[in-house]
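Novice: can you look at this prediction? I've put the sequence above it.
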Amino acid sequence: MKATDKKLRIGIVAGEASGDILGAGLITALQQQFPDVQVEGIAGPRMQKLGASSLFPMERLSVMGLVEPLKRLPELLKIRRTLRQHFIDNPPDVFVGIDSPDFNLGLEQSLKSAGIPTVHYVSPSVWAWRRGRIKKIARAVDRMLTLLPFEAEFYREHRVPVTFVGHPLADEIPLHVDTAGARKALGFAVDDQVIALLPGSRGGEVRLLGPLFLQAARWCHQRRPELKFVIPAANELRLAELQAQLEQFPDLPVTLLDGNSHGALSAADNVLIASGTATLETMLLKKPMVVAYKMAKLSYAIFSRMLHTPWVSLPNLLAQRELVPEILQDDATPENLGAALLQFYDDPLLYDQLQREFDDLHQQLRRDASTRAADAVRKLVEERSESSGREAQQ
């Protein structure tokens, strides 16, 4: 299909804010090739500003945890049935499910069975646990778009069509970070020694890791009194919880921020961080880090048995070796975390080497992800159009 052949119609479902960001980038890139592209399904405010039509509010899909999805299950199933029938009655040229695999993969499987080409944008962590899901993914999608290269290798091994598009965050974050400017913006001196503490965004994480991270900070401060600390709270609830925890550490020089994790990371020398997606932003900002995590003992016992990778942090998964320390569960003590943090001050060569490694990984992920995703969607539509044309001639 060429841009002048006919109007391209895209079905799309994004279930949360991160998916809305990815969807907006995809639509913008598609509009460069198909100025009259029509997009409908479930879209957030960014996608709607670009002309996407949302049949349901995106917030209805934004559920987290274990209990809330069960409470909302009848509504979610009804939404999915309605979308399935709508797209079967009004077939788009291609359907794109953005993340939200529990919702989207089932919808994609139904649409693929009905002859509608399907794309899934953002791989589930099938390479890490619940690997049996690869069979469902193969039945549901005509092409997987991955943000990370090792994910694409996993799908190739399982013969699922895949395109590595790169990570939009790697496109957005500059290769060189203005640490001095970030420090001035937060009220630090340019030559201050600053450690950022990021104990997670969920309540359970902050309750378990917040006090532990502050104890590690105190351990470091006792040995290097010139150190200063900054904590960006993920939201208002986490801000209140961290404020309460800081009352137990009145002599610790901590700047607590309402949000602005990007500023806190940019201003830091190094970072103590909960395992999760924020480790990627930290890596892209070229900040050495110590990755830590704790959870309930039973949950950890189950999780550790399900895990199929030797690492949990994205920098180590990307490098396929241990670049940064991962200190988990019982090993995550104030002394162990503090000693790992101070090594970056004690060993400047290690610090410089790690920054070079992060720069190389940044370059690998910096691929103009939205354009590559749009190209993959267009090529799938073209392949289907050409295949349909050959069948019609036979």
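Specialist: Thanks, I have it.
Novice: would you map the strands across the stretch 251-394 of the chain?
Specialist: Using DSSP state E, counting those that start in this stretch, the strands of the stretch 251-394 of the chain run over residues 254-258, 270-274, 289-293, 326-328.
Novice: now for R60: which residues touch it?
Specialist: By CB atoms under 8 Å, 6 or more residues apart in numbering, R60 lies in contact with R72, E75, L76, I79. Glycine gets a C-beta too; all of them are placed from N, C-alpha and C.
Novice: and it, that one's in a strand?
Specialist: No: inclusion of R60 in a strand is not indicated when DSSP: H, G, I helix; E, B strand; the rest coil is applied; the result is helix.
Novice: quick check, S266 in contact with A182.
Specialist: Yes: assessed by CB atoms under 8 Å, S266 is found in contact with A182 at 3.6 Å.
Novice: any idea which of the contacts of R60 has the most stuff around it?
Specialist: For the contacts of R60, the largest number of neighbours (other CB atoms under 10 Å) sits with I79, at 20 neighbours.
Novice: report the contact partners of that one.
Specialist: Contact analysis of I79 by CB under 8 Å, 6+ apart lists I42, F56, R60, L61.
Novice: leaving aside the residues next to it on the chain, what's closest to the last one?
Specialist: Here the nearest residue to L61 in space, its sequence neighbours aside, is G15; by CB to CB, 6 or more residues apart in numbering that works out to 3.6 Å.
Novice: residues near the one you found, how many?
Specialist: In terms of burial, G15 registers 24 neighbours under the definition other CB under 10 Å.
Novice: what does N316 give?
Specialist: 20.
Novice: so what's L83 closest to, chain neighbours aside?
Specialist: L107 is the one closest to L83 (CB to CB, 6+ apart), at 6.1 Å.
Novice: may I see the buried residues of the helix or strand that contains that neighbour?
Specialist: Counting by DSSP states H and E, the element that carries L107 is helix 101-113. For helix 101-113, the neighbour count (16 or more other CB atoms under 10 Å) marks P101, F103, N104, L105, G106, L107, E108, Q109, S110, L111, K112 as buried.
Novice: separation between the residue lying closest to the fifth one once chain neighbours are set aside and A114?
Specialist: Spatially, and ignoring its direct neighbours in sequence, G106 is nearest to R80 (6.4 Å; CB to CB, 6+ apart). R80 sits at a distance of 14 Å from A114 (criterion: CB to CB, to the nearest Å).
Novice: please apply the same query to F154.
Specialist: 28 Å.
Novice: the two: which is more packed in?
Specialist: A side-by-side neighbour count of F154 and A114, using other CB under 10 Å, places F154 first with 20 against 13.
Novice: right, and that one touches R133 too?
Specialist: No: with contact taken as CB under 8 Å, F154 and R133 are classed as non-touching, separated by 11.5 Å.
Novice: which helices and strands does the helix or strand encompassing G11 pack with?
Specialist: The secondary structure element spanning G11 is strand 9-14 (assigned by DSSP H and E). If you count contacts as 3 or more CB pairs under 8 Å, 6 or more residues apart in numbering; DSSP states H and E, strand 9-14 packs onto helix 17-33, strand 38-42, strand 94-98, helix 101-113.
Novice: so which bits of the longest one are buried?
Specialist: Which is helix 17-33. When burial is assessed from 16+ other CB under 10 Å, helix 17-33 yields the following buried residues: 18-27, 29-31, 33.
Novice: quick check: angle from it to strand 9-14?
Specialist: 160 degrees (axes from the mean of the first three to the mean of the last three CA atoms, to 10 degrees).
Novice: show the average pLDDT along helix 17-33.
Specialist: Regarding helix 17-33, the rounded mean pLDDT is 94.
Novice: what's the answer for the second one, then?
Specialist: The pLDDT scores in strand 38-42 average 98.
Novice: again with the third one
Specialist: Along strand 94-98, the predicted local confidence has a mean pLDDT of 98.
Novice: shaky segments in the protein?
Specialist: Low-confidence regions of the chain, defined by pLDDT under 70, span residues 1-6, 62-70, 127-131, 295-308, 388-394.
Novice: got the domain ranges for it?
Specialist: According to the domain assignment given by automatic domain parsing, the chain is divided into the following structural domains: 9-166+367-393, 179-365.
Novice: any chance of those domains in a markdown table, plus distance to I173?
Specialist: Below are those laid out as a markdown table (distance: least, CB to CB, whole Å):
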| stretch | distance to I173 |
| --- | --- |
| domain 9-166+367-393 | 12 |
| domain 179-365 | 4 |
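Novice: contacting residues for V291?
Specialist: For V291, the contacting residues are I273, A274, S275, T279, V312, S313, P315, N316, V324, P325, E326, I327, by CB under 8 Å, 6+ apart.
Novice: correct me if wrong: the third one contacts V312.
Specialist: Meaning S275. Yes: using CB under 8 Å, S275 is in contact with V312, at 4.8 Å.
Novice: if I look at those two, which residues touch both of them?
Specialist: Shared contacts of S275 and V312, defined by CB under 8 Å, 6+ apart, comprise V291, Y293, E326, L328.
Novice: name the nearest residue to the residue positioned nearest the centre of the chain, sequence neighbours excluded.
Specialist: Closest to where the C-alpha atoms of the chain average out (CA atoms, centre = their mean) is T277, at 5.0 Å. Leaving out its chain neighbours, the residue that sits closest to T277 by CB to CB, 6+ apart is L314, at 7.3 Å.
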